[in-house]
Structures are given as C-alpha cells and as structure tokens.
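[1] Sequence and predicted model, in that order:
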Amino acid sequence: MADALDLFNSGVLTGEREGAVLPDRKLWESKKGGVVIVECPQRIPCNPCHTSCPTGAIRPFADINDTPTVDHSLCTGCTLCVASCPGLACFVIDLTFSEDKALFKLPYEMLPLPEKGQKVQCLNRIGECIAEGTVENVTQPKKDRTYVIHVSAPKEVVDEFRTIRAVK
Ligand code: SF4
Ligand code: SF4
C-alpha cells in the first residue's frame, strides 16, 4: 500500500494525498478547456501557482509552505499556472477533447520542442511508455516561462500519463 515514505524514498508520487488530488469526475467531464491537476504534496516555500491564477481556482495560501488546494469549478484550463510552476507540478487535462481521447496540457522544458502533429511517447510517473500521443499545439502562455505541450492521448491513461518523450 502506498504511504508517505514511497514519495520520499523514490521521488515518485503514488496514491492521493493533500495537495495532489484529482478533480471530481462529473465536474471534470463537463469542463471544456479542461481543469488543472496539481501534484505538489510536499510543504515547500513556493506559491506561483496561486499568484499566476487569474480566476482564484488555486486558493490563497495561509502559509507560504502550504501545499496548494484547488477549487476546480473556477478553473478555465488556461495553463498560466502550468507555465509558472517551477516544480512542473501543474498540468491541465481536458476530457471534452473527443469521445475517446483527452487533451493533456503539460509543462515541457526540453529542447528541441516537439512540433504540432508529431507523435510522442506518453510516459507515466516512473518514465514507462504507456501510450502514443499526438502533439496538437505548443504554447508559451507567459513570456520567457515554461512551454506547454498539448497532447491528445487515450482517456484510459488520465490517471497515469504525466510527461512525454519526443521521438522523431
Ligand atoms: S489552469 Fe488557469 S484557471 Fe486553472 S488553476 Fe491554472 S491558472 Fe488557474
Ligand atoms: S508553484 Fe508549483 S511547486 Fe510551487 S507550490 Fe505551486 S504547485 Fe507547488
């Protein structure tokens, strides 16, 4: 069973804990543009996810060390927090993309950047390839900040797909 030691020993997030919670599924399925998922379960002095959010979806921190909490009903999927988070801990998943595919909006800091239309490997938290995805867009929501790669991939991997490997 997953416990807090898993994260500290391996660096791999397993299970749900405060600051790393999936949205309510019914709300999630109704949100065109998607909703943010924040997987930031450790207390660290950091809050750009909150300060970059224009809608208040990432709630104010009582203490700078608090883990983020989210009101998913206020999220528009704009990705400003995705581009602002120094820990690459925020991403957006849009379940309305198509019948069988979701759109994943993921932070990406490698070069060269993938290109629209390119096939990529969808990786889980431990770097295993779990599906093939297609790059639908590449954006830079904030100048000089992290790029955001929009990748369509099967809905079955929404709980596991967390980053990409670009293969030419
Ligand atoms: S995606 Fe946009 S609206 Fe949603 S939490 Fe991030 S900054 Fe706020
Ligand atoms: S900006 Fe990123 S690393 Fe910092 S508290 Fe927010 S989610 Fe965590």
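    Structure received. Numbering: from 1, shown residues only. Ligands and ions are numbered 1, 2, ... in the order given.
[2] CA atoms for contacts and neighbours, from now on please.
    Fine.
[3] Sheet-wise, list the partners of the top strand by length along the chain with their directions.
    Longest strand of the chain, by residue count under DSSP state E: strand 129-139. Strand pairing for strand 129-139, determined by DSSP bridges: strand 119-123 (antiparallel), strand 147-154 (antiparallel).
[4] Report the next helix or strand after the lowest-mean-pLDDT helix or strand in the chain in sequence order.
    Ranked by mean pLDDT, DSSP states H and E, the weakest helix or strand in the chain is helix 4-10, scoring a mean of 58. On the C-terminal side of helix 4-10, the nearest following helix or strand under DSSP states H and E is helix 25-30.
[5] of all the residues in the chain, which ones are close to ligand 2?
    Listed as neighbours of ligand 2 in the chain under the rule CA under 6 Å from any ligand atom: Val38, Cys40, Cys46, Asn47, Pro48, Cys49, Pro68, Cys85, Pro86, Gly87, Ala89, Cys90.
[6] List buried residues within these.
    Val38, Cys40, Cys46, Asn47, Cys49, Pro68, Cys85, Pro86, Ala89, Cys90 (16 or more other CA atoms under 10 Å).
[7] Out of those residues, which sit inside strands?
    Using DSSP E, these in strands are Val38, Cys90.
[8] Reformat the buried ones among the residues of the chain next to ligand 2 into TSV and put distance to Gly56 and pLDDT next to each item.
    Formatted as TSV, those follow (distance: CA to CA, whole Å; pLDDT from 0 to 100):
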residue	distance to Gly56	pLDDT
Val38	14	94
Cys40	17	91
Cys46	16	97
Asn47	13	96
Cys49	10	97
Pro68	12	94
Cys85	15	97
Pro86	19	96
Ala89	18	95
Cys90	15	96
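[9] Now render the buried ones among the residues of the chain next to ligand 2 as CSV, adding distance to ligand 1.
    Listed next are those as CSV, based on distance: CA to the nearest ligand atom, whole Å:
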residue, distance to ligand 1
Val38, 8
Cys40, 13
Cys46, 15
Asn47, 12
Cys49, 7
Pro68, 10
Cys85, 10
Pro86, 14
Ala89, 11
Cys90, 7
